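Novice: The sequence isn't on hand, but the structure is:
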């Protein structure tokens, strides 16, 4: 099957006083019906990728095809297949929720009666019927986000782009958002979302591209990524400042079952296949190093990310 | 969508959708719109053409001019109304839509070339300008105590000038809204719009600048001059005015230059 989104060697350089390479040769292909995640820290290039794919920015080099249309050469045509929920709220503040949906349908060429039908359908689907006459500013963040998603899929796009869909939402709204996204999947809508939340990528996405500093570092299903790159478990040791971390690292690396050790900041990270029985040995090895804290991290995308970039997502 | 649409009909539908959206928003603030458009000319006419002539000595401005002041003001105030309503319709909303909310993104994502979104803005602003001019017209005829010598000899020219002037005003609104940072919009009002209004042959015909040649030639850079003179030619032909072909040519050139400036600024703001 031909990919819905095909990105090849995408490069974006912002020239200026400070030359910024936002994207450095990104290749991606999103299959029809897939829920695809772009995972990376802030500033990794996720939003730039989405901006270019949704025709809002021009690439310095490379190509983007959306549903077979060259999005750089024919942006207006490509937009017919694109639904987008940007990071910031772009609801039309002068229109009610109902009108936001209705006029969006009109922009995409639907007749009046078609637009009314589709608007009613979406209000029902997203539980917005009671708020139909409200203005966006009267809604909570979670509700606004729901309206944005409803509006983005109103014209039945081939692909829906969600840029940090749960940023700034409270935990409850986030769960509701995940639910809404999963429901889209069942309708067969292809989704490409960006996130810097590991849990979100893990819970929602079928395939993930880990992106950092404008490059794709790894690509695959969450499980495959964990198996390939995650060393399954890591122990994070924090010791008092001024201790000899190198020595501690060597002592722990010598323990049976430890795969590798990294020294970072004022702590040591030890990677192992499994946590079974290792904890006492590690604590013993750390005797005399003024151990302050130790945590055991089960396999997660977080460990994949740390393994790939040597740093935390939130760093 | 039941069947795929050709590109052109898609563009037309998207354009119409944007236009309908703007109409809906306007319909909700019709009262404020009429007040905004009508208040300034109403008071201006009331004070200068109704109150002043009743005072001893009359209006010094009116005394200096040949034709009655009311006759001079009719096209001038229409030009001002055209310009200010287009600015209010295009530049002000744009500056907020470009601002923190980035609301414009939703319309930019419609299946229409980005320039089409900007052209819709110009057209919609122009429509508001035409309405504004038509609101001012009866005020300017009936309020002055001295008779206003208005008549239309060439309807085609009158309609053409009205539409062209309104489009120029819409393009000016776009040029300002797309190129000026939102916090500076207020400043632009004082340092650009007020001067070009006062020096726009609104309160006096261009021919009366004969005694100040520098000013007479300098104001030719001002598009409002052609709006006032054009409406003067169309509505009060007895007052001295510029030749009609100069007016049309100048309005077309202004439309081209301001439109280009506006479209370029708009596309640059929207596409990074």
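Specialist: Ah, there it is. Please read these numbers as outputs of a predicted model, since none were measured by experiment. Numbers count the residues shown, from 1 in each chain, chains lettered A, B, ... in the order given.
Novice: Where does pLDDT dip in the stretch 101-250 of chain A?
Specialist: Under the criterion pLDDT under 70, the flagged ranges of the stretch 101-250 of chain A are A:230-232.
Novice: Quick one: name the residues of it near chain B.
Specialist: A:103, A:104, A:106, A:107, A:108, A:109, A:110, A:114, A:151, A:155, A:156 (Cβ under 8 Å from any Cβ of the partner chain). Quick note: C-beta positions are derived from backbone N, CA and C, even for glycine.
Novice: Looking at these, state which has the most neighbours.
Specialist: In terms of neighbour count, residue A:104 stands highest of those at 29 neighbours, by other Cβ atoms under 10 Å in any protein chain shown.
Novice: where does that one fall, helix, sheet strand or coil?
Specialist: When classified by DSSP: H, G, I helix; E, B strand; the rest coil, residue A:104 comes out as helix.
Novice: now, which of the residues of the stretch 101-250 of chain A next to chain B sits nearest residue B:263?
Specialist: Relative to residue B:263, the closest of these is residue A:107; by Cβ to Cβ it sits at 19.3 Å.
Novice: Verify the contact between the closest one and residue B:14 for me.
Specialist: Yes. Counting by Cβ atoms under 8 Å, residue A:107 touches residue B:14, with 5.1 Å between them.
Novice: circling back: reformat the residues of the stretch 101-250 of chain A next to chain B into a markdown table and put secondary structure next to each item.
Specialist: A markdown table is the format used below for these (three-state DSSP):
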| residue | secondary structure |
| --- | --- |
| A:103 | helix |
| A:104 | helix |
| A:106 | helix |
| A:107 | helix |
| A:108 | coil |
| A:109 | coil |
| A:110 | coil |
| A:114 | helix |
| A:151 | helix |
| A:155 | coil |
| A:156 | coil |
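Novice: Run the chain-centre distance for the lengthiest helix in chain A.
Specialist: For chain A, the helix that runs over the most residues, judged by DSSP state H, is helix A:171-186. How far helix A:171-186 lies from its chain's middle: 14 Å, per Cα atoms, centre = their mean, to the nearest Å.
Novice: now swap in stretch A:188-208 and tell me
Specialist: 6 Å.
Novice: now do the same end-to-end measure for that stretch.
Specialist: For stretch A:188-208, the first and last residues are 18 Å from each other (Cα to Cα, to the nearest Å).
Novice: tell me which residues in it are buried?
Specialist: For stretch A:188-208, the neighbour count (16 or more other Cβ atoms under 10 Å in any protein chain shown) marks A:189-198, A:200-202, A:204-205, A:207-208 as buried.
Novice: lowest-confidence helix or strand of chain B?
Specialist: When the helices and strands of chain B are compared on mean pLDDT, DSSP states H and E, helix B:60-64 comes out lowest with a mean of 52.
Novice: For residue A:218, give me its contacts.
Specialist: Residue A:218 sits next to A:209, A:210, A:225, A:228, A:229, A:304, A:308 when contact means Cβ atoms under 8 Å, 6 or more residues apart in numbering or on different chains.
Novice: out of these, which are buried?
Specialist: Buried among those (16+ other Cβ under 10 Å): A:209, A:210, A:225, A:229, A:304.
Novice: Among these, which ones are in helices?
Specialist: A:225, A:229, A:304.
Novice: Could you check the pLDDT of residue B:3?
Specialist: Residue B:3 is assigned a pLDDT of 54 by the prediction.
Novice: can you pull out the helices in chain B?
Specialist: Under DSSP H, chain B gives helices at B:7-28, B:30-45, B:52-54, B:60-64, B:69-86, B:92-98, B:104-108, B:114-142, B:155-179, B:185-188, B:194-198, B:213-218, B:223-235, B:244-270.
Novice: Tabulate the ones you listed in JSON lines, adding columns for distance to residue A:171 and mean neighbour count.
Specialist: As requested, those are arranged in JSON lines below (distance: least, Cβ to Cβ, whole Å; neighbours: other Cβ atoms under 10 Å in any protein chain shown):
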{"stretch": "helix B:7-28", "distance to residue A:171": "35", "mean neighbour count": "17"}
{"stretch": "helix B:30-45", "distance to residue A:171": "42", "mean neighbour count": "15"}
{"stretch": "helix B:52-54", "distance to residue A:171": "69", "mean neighbour count": "14"}
{"stretch": "helix B:60-64", "distance to residue A:171": "69", "mean neighbour count": "12"}
{"stretch": "helix B:69-86", "distance to residue A:171": "48", "mean neighbour count": "28"}
{"stretch": "helix B:92-98", "distance to residue A:171": "32", "mean neighbour count": "20"}
{"stretch": "helix B:104-108", "distance to residue A:171": "28", "mean neighbour count": "23"}
{"stretch": "helix B:114-142", "distance to residue A:171": "38", "mean neighbour count": "22"}
{"stretch": "helix B:155-179", "distance to residue A:171": "40", "mean neighbour count": "23"}
{"stretch": "helix B:185-188", "distance to residue A:171": "40", "mean neighbour count": "14"}
{"stretch": "helix B:194-198", "distance to residue A:171": "53", "mean neighbour count": "14"}
{"stretch": "helix B:213-218", "distance to residue A:171": "65", "mean neighbour count": "11"}
{"stretch": "helix B:223-235", "distance to residue A:171": "56", "mean neighbour count": "27"}
{"stretch": "helix B:244-270", "distance to residue A:171": "35", "mean neighbour count": "18"}
